[in-house]
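Engineer: would you be able to build a 3D model of this:
(one chain, ligands or ions: 1)
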Amino acid sequence: MSNIITIDGPSGAGKSTIARITAMRLGLAYLDTGAMYRAVTLHCMRAGVKLDDPKAVSATLKGLDLRVELTFDGPMKVFLGSEEVTGKIRTQEVTRNIHYVADVMEVRNHLVEMQRKIGENGDLVTEGRDQGTLVFPRASLKIYMFATPEVRARRRHNELKQRGVDASYEEVLEDVSKRDYLDMGRELGGLRKALDAVELDTSSLSPDEVAESIVKLAKARLKMQTRKIDKSALERARDQIERRSQES
Ligand code: DC
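Structural biologist: The predicted structure follows:
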C-alpha cells in the first residue's frame, strides 16, 4: 500500500509550492493534477474545438496523447505527444479556458483514471481540488489548504505587479472569487474538503511553515522519515515555482 498525501484547496492557497517542498522533504514524488487539466485545455485549444461544447471537448480525448513525468526535485513535466508543454500550459489564455474542460465529465473520468494509475505505482504528494475526496479517498493523509480570498488576491496582485501587468486589486479579487465559484460549483470533482482532511489556513504562514506542519503530521501518522535535502535543490525548486507562478 503506497503512501499518498493529498493536498486540495482553492487557487492561490499556495498548494504547489507547499506540495513540492513537502514532497522533497519526505522523498515522495509530486503530482500536479492542475497541470493535467491545463494540458487537456491546451490540446483542445490547438484542436480548435468550441470549448463551450462539452461533446466537442470530450471528442478530443481520442486524439489526446498526454504523458506526465514525475520528478523528486523539479516541477512535474508534461508532454503532449513528444512535445514538452510544461511551460506552455501556464499562459493566461489556458488559465481562462480551463473551466470549460474541467467541467466535462469524460475529461474528468479520463484524468482521474490516469491519476489513480500513477498512485498505484508509488508514494506521492498529489495536489488539486478532488484528490482527497474523489481520486484517493483512502489516502494516508489529507490536507485541505485555504487562505482568505483577500489574501490570495493580494498575493496574485503582487505577482502581477512584479511582472508589470496592469490590473487593479479589485479586478484580481473578482477573478479569484470567480474561480472559487467555478471550482466549488463543479458537480463532479468540485473543490470540497474531505471529511477526514486536516484543515490548514495559509493566510498568515509562509510556505515553509505550512510544509513543516504537513511533514510533522506525515511523520506522526505515517511513520515517515524526512530526507536530508540539499539546500540548493530546495532553493532551485523555489525559484522554479516562483517563475512558474509568474507565468500563469
Ligand atoms: O491548480 P491549477 O490552478 O493549476 O488548476 C487549474 C484548474 O484546473 C483549476 O481552476 C481547476 C482545475 N482542476 C480541477 O478541476 N481538478 C483538479 N484536481 C485540479 C485542477
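
Engineer: which parts of the protein sit against the ligand?
Structural biologist: 11, 33-34, 37-38, 98, 102, 128-130, 179, 183, 189 (CB under 6 Å from any ligand atom). Yep, even glycine has a C-beta here, placed from its N, CA and C like the rest.

Engineer: try 5 Å this time
Structural biologist: For the chain, the contact set with the ligand under CB under 5 Å from any ligand atom comprises Ser11, Thr33, Gly34, Tyr37, Ile98, Ala102, Gly128, Arg129, Asp130.

Engineer: which residue packs closest to the third one, ignoring adjacent ones?
Structural biologist: Spelled out, it's Gly34. Of all residues not flanking Gly34 in the chain, Gly128 sits nearest, at 5.9 Å (CB to CB, 6 or more residues apart in numbering).

Engineer: could I get the pLDDT score of the one you found?
Structural biologist: Looking at Gly128, its pLDDT stands at 97.

Engineer: and the gap between it and Arg46?
Structural biologist: Distance from Gly128 to Arg46, counting by CB to CB, to the nearest Å: 23 Å.

Engineer: between those two, who's got more neighbours?
Structural biologist: In this view Gly128 and Arg46 are compared by other CB atoms under 10 Å, and Gly128 has more residues nearby, 26 against 12.

Engineer: okay, and which of the residues of the chain next to the ligand map to helices?
Structural biologist: Among the residues of the chain next to the ligand, the members falling in helices (DSSP state H) are Thr33, Gly34, Tyr37, Ile98, Ala102.

Engineer: and the residues you listed as JSON lines, adding pLDDT?
Structural biologist: Converted to JSON lines, these look like this (pLDDT from 0 to 100):
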{"residue": "Thr33", "pLDDT": "97"}
{"residue": "Gly34", "pLDDT": "96"}
{"residue": "Tyr37", "pLDDT": "98"}
{"residue": "Ile98", "pLDDT": "95"}
{"residue": "Ala102", "pLDDT": "96"}
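
Engineer: tell me the strands in the protein, going along the chain?
Structural biologist: Using DSSP state E, the strands of the chain run over 4-8, 29-32, 66-69, 77-80, 83-84, 124-128, 141-146, 198-201.

Engineer: could these be laid out in a markdown table, adding distance to Ile118?
Structural biologist: Below are the strands of the chain laid out as a markdown table (distance: least, CB to CB, whole Å):
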| stretch | distance to Ile118 |
| --- | --- |
| strand 4-8 | 10 |
| strand 29-32 | 6 |
| strand 66-69 | 7 |
| strand 77-80 | 13 |
| strand 83-84 | 18 |
| strand 124-128 | 7 |
| strand 141-146 | 17 |
| strand 198-201 | 23 |
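
Engineer: so what's the residue nearest to Gly34 up against?
Structural biologist: By CB atoms under 8 Å, 6 or more residues apart in numbering, Gly128 lies in contact with Thr6, Ile7, Asp8, Asp32, Thr33, Gly34, Val135.

Engineer: can you tell me which of those is closest to the ligand?
Structural biologist: Checking the contacts of Gly128 against the ligand with CB to the nearest ligand atom, the nearest one is Gly34 at 2.4 Å.

Engineer: can you pull the domain assignment for the chain?
Structural biologist: Domain assignment for the chain, taken from automatic domain parsing, gives 1-28+123-241, 32-122.

Engineer: mean pLDDT lowest where, among those domains?
Structural biologist: Looking at the domains of the chain, the weakest mean confidence is domain 1-28+123-241, a mean of 89.

Engineer: just to revisit the earlier point, of the residues of the chain next to the ligand, closest to Asp175?
Structural biologist: Nearest to Asp175 among these is Ser11, at 9.4 Å by CB to CB.

Engineer: this completes my enquiry, with thanks.
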